[in-house]
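*Asks:* make a model of this:
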Amino acid sequence: MSESGKSVQSLETALPDPAEADDVIYDPSMDRLREFSDHLETTTEFGSPSYVSDERSRNADRTKNAVDDDFDADDYARIERTFDAAREREMVCVDRRMGRYDDHSYVCRLYVPREYGRIALAWAKLFEPVTGDGDSRPDPDFVTVQIPDADEIAVRILPDEGVTAVLGSDYTGEAKKSFLRLFMYYAKKQGGLGLHAGSKRVRLTDGSGDLKEVGQAFLGLSATGKSTLTAHGLWLDDPEEATMLQDDVCALLPDGTIAGSEGNGLYVKTIGLDADEQPAMYDAVTDESAVLENVDVAEDGTVDFESDRYTTNGRAVIEREHLSSADEDIDLDGVDQVFFITRNPVMPPVAKLSPEEAAAAFMLGESIQTSAGDPSKAGESIRVVGTNPFIVGSKGEEGNRFRDLVADLDVDCFVINTGHLGAEQKDIGVEESVTILREIARGTVEWTDDEATGLTIPSAVPGMDIAAFDVAEHVANLDEKLARLRTERRTHLDTFEDLDDAIRDAVY
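*Replies:* Residues are numbered from 1 along each chain as shown. Got it, this is the predicted structure:
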């Protein structure tokens, strides 16, 4: 029983039955979902719908879960109020399947008020339809109820019961992450590890000219280049190819598989989207099947991806079938390389890590704050374990689990800087990052131990003048900055009681 005196089961049964209730619109078509919010829509020049939400990022500071937080009677009462609101008004109920892989596939049910059908429209494009009718249709594993016009903003999660209540937010990202958060939590419960990461399969010739397949994963906060690097074709020509499998959340399993979650679409950032640098992504975002959120769209439908009129966290839901770099598969059969994306200006373009160093990088999660998290702090340095703001449970245990998995699976790990070096801001652009990824996949990069940073860095990268990105040449007072950085890192790792000492001692 909950502290409020009601069991979770009684809360679930308090919801209107989608198959029987007259005031529940169950699994309507995409066209009908769009009609429900046509009063909010601006139609783009591409024929796609565009909406502007009141909330334009996740409300991390108003989110609590019953595993990690002090969950009291008021928190359970908020969940009850959410379910009561759903019972008292006309609701849209949509079922979708998240994930395909064996025991990592879940039926997800989202309730939103009819007039907020746009949230269900965008969310439904991310996941695959649930098969079966009537009694043969499976019950949901996870349920989210979102009441955007509630008089307070609060997100409350009961992870073990698979229940999320979202009050006061009309941001599509809250619905999306409510399910992906649980996908990662349940992966950990089953011996794997949920990752806020993209996954990619690369087929290319190695240094001997033989064709081989390499599995890559990219961990990074939103707006650090994760989607760009995951979706990039690496400028390969047939028979070589690079295909994106997952863009946001997946699960590293003990057998080396990376199980995907979103089988139908992607939720991508649009600010600065460029047709020349990201042609595949641009084509998908400008397809009529996309749904835009908080993007600057003029009354005549003209779209301005450079504008931050509403936010720098403008988004688009795109369908995988319209992204040429996306594969039909969402599961990666085996992972060979993991990349931690950072924008720390004292880090080299790339460095190779031991399993313990990789686990330290996982725990440090160094990046910059983005508008997807806290817009008021965008651009500031930030540390987020696993670059994953959605961890449920012990963070130290996550680091230990990551180290054990990559060591057992013999995965090569790297930290890659997609920002710049030093105050002079020697940019490390997409061209440099893509060249590094491609040549690491080929196995043609030569490595050396760098005395200045203490890291293992490239001495030669085919197609790139790696010497032009020497950290010592571009960062003033490097020794002093590195000493301070290492002290800060050790202090940070000491806050995780469950973290193995070997990982603490591996601070680079």
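*Asks:* low pLDDT regions in the stretch 101-250 of the chain?
*Replies:* Along the stretch 101-250 of the chain, the parts satisfying pLDDT under 70 run over 134-135.
*Asks:* in it, which spans are helices?
*Replies:* Secondary structure of the stretch 101-250 of the chain (DSSP state H, counting those that start in this stretch): helices located at 117-124, 172-189, 226-231.
*Asks:* which residues does residue 280 contact?
*Replies:* Listed by Cβ atoms under 8 Å, 6 or more residues apart in numbering, the contact partners of residue 280 are 231, 233, 323-325. Glycine gets a C-beta too; all of them are placed from N, C-alpha and C.
*Asks:* got phi/psi on it?
*Replies:* The phi/psi pair for residue 280 (degrees, to the nearest 10) reads phi -70, psi -50.
*Asks:* quick one: pLDDT of it?
*Replies:* Here the pLDDT value assigned to residue 280 is 88.
*Asks:* winner for burial among the helices of the stretch 101-250 of the chain?
*Replies:* Among the helices of the stretch 101-250 of the chain, ranked by average contacts under mean count of other Cβ atoms under 10 Å, first place goes to helix 117-124 (a mean of 27).
*Asks:* could you give the angle of that helix to helix 172-189?
*Replies:* 40 degrees (axes from the mean of the first three to the mean of the last three Cα atoms, to 10 degrees).
*Asks:* for helix 117-124, packing partners?
*Replies:* Packed against helix 117-124 by the contact rule (3 or more Cβ pairs under 8 Å, 6 or more residues apart in numbering; DSSP states H and E) you find helix 30-36, strand 49-51, strand 91-98, strand 106-113, helix 172-189, strand 291-293.
*Asks:* report the strands that pair with the helix or strand just after the second one, each with its relative direction.
*Replies:* It refers to strand 49-51. The helix or strand immediately downstream of strand 49-51 is strand 63-65, counting by DSSP states H and E. Within its sheet, strand 63-65 is paired with strand 154-158 (parallel), according to DSSP bridges.
*Asks:* centre of the chain to the strand it pairs with, how far?
*Replies:* Distance of strand 154-158 from the chain centroid (Cα atoms, centre = their mean, to the nearest Å) equals 19 Å.
*Asks:* got it, and stretch 251-258?
*Replies:* 17 Å.
*Asks:* looking at the helices of the stretch 101-250 of the chain, which is closest to residue 483?
*Replies:* helix 226-231 (29.7 Å; Cβ to Cβ).
*Asks:* could you dump the helices of the stretch 101-250 of the chain into TSV and include distance to residue 56?
*Replies:* Shown next, in TSV, are those (distance: least, Cβ to Cβ, whole Å):
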stretch	distance to residue 56
helix 117-124	13
helix 172-189	9
helix 226-231	18
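*Asks:* out of those, flag the one nearest residue 250.
*Replies:* Of all the helices of the stretch 101-250 of the chain, helix 172-189 sits nearest to residue 250, with 8.6 Å by Cβ to Cβ.
*Asks:* now the helices and strands packed on helix 117-124 in TSV, with distance to residue 506?
*Replies:* What follows is the helices and strands packed on helix 117-124, written out as TSV (distance: least, Cβ to Cβ, whole Å):
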stretch	distance to residue 506
helix 30-36	49
strand 49-51	46
strand 91-98	34
strand 106-113	35
helix 172-189	22
strand 291-293	40
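*Asks:* how about these, which one is nearest residue 457?
*Replies:* It's helix 172-189; of these, that one is closest to residue 457 (Cβ to Cβ) at 31.3 Å.
*Asks:* now do that closest one and strand 106-113, the angle between them.
*Replies:* 150 degrees.
*Asks:* gap between helix 172-189 and the chain center?
*Replies:* Centroid displacement of helix 172-189 relative to its chain, using Cα atoms, centre = their mean, is 10 Å.
*Asks:* before we move on, the earlier item: which of the helices and strands packed on helix 117-124 sits closest to residue 74?
*Replies:* Taking Cβ to Cβ, helix 172-189 is the member of those nearest to residue 74, at 19.8 Å.
*Asks:* pull the contacting residues for the closest residue to residue 506 other than its chain neighbours.
*Replies:* In space, and not counting its chain neighbours, residue 506 is closest to residue 356: 3.6 Å by Cβ to Cβ, 6 or more residues apart in numbering. By Cβ under 8 Å, 6+ apart, the contact list for residue 356 reads 403, 502-503, 505-506.
*Asks:* among those, which ones are buried?
*Replies:* 403, 503, 506 (16 or more other Cβ atoms under 10 Å).
*Asks:* surely the last one meets residue 359?
*Replies:* Yes. Between residue 506 and residue 359 a contact is recorded at 7.1 Å, counting by Cβ atoms under 8 Å.
*Asks:* what comes up buried for the longest strand anywhere in the chain?
*Replies:* Secondary structure of the chain per DSSP state E: the longest strand is strand 193-205. By neighbour count on 16+ other Cβ under 10 Å, the buried set for strand 193-205 is 193-204.
*Asks:* stretch 455-472 now?
*Replies:* Going by neighbour count (16+ other Cβ under 10 Å), the buried part of stretch 455-472 is 455-458, 461, 464, 466, 469-471.
*Asks:* could you give the mean pLDDT of it?
*Replies:* Per-residue scores along stretch 455-472 average to 97.
*Asks:* circling back: farthest-apart pair in the contacts of residue 356, please.
*Replies:* 403 and 505 (12.2 Å).
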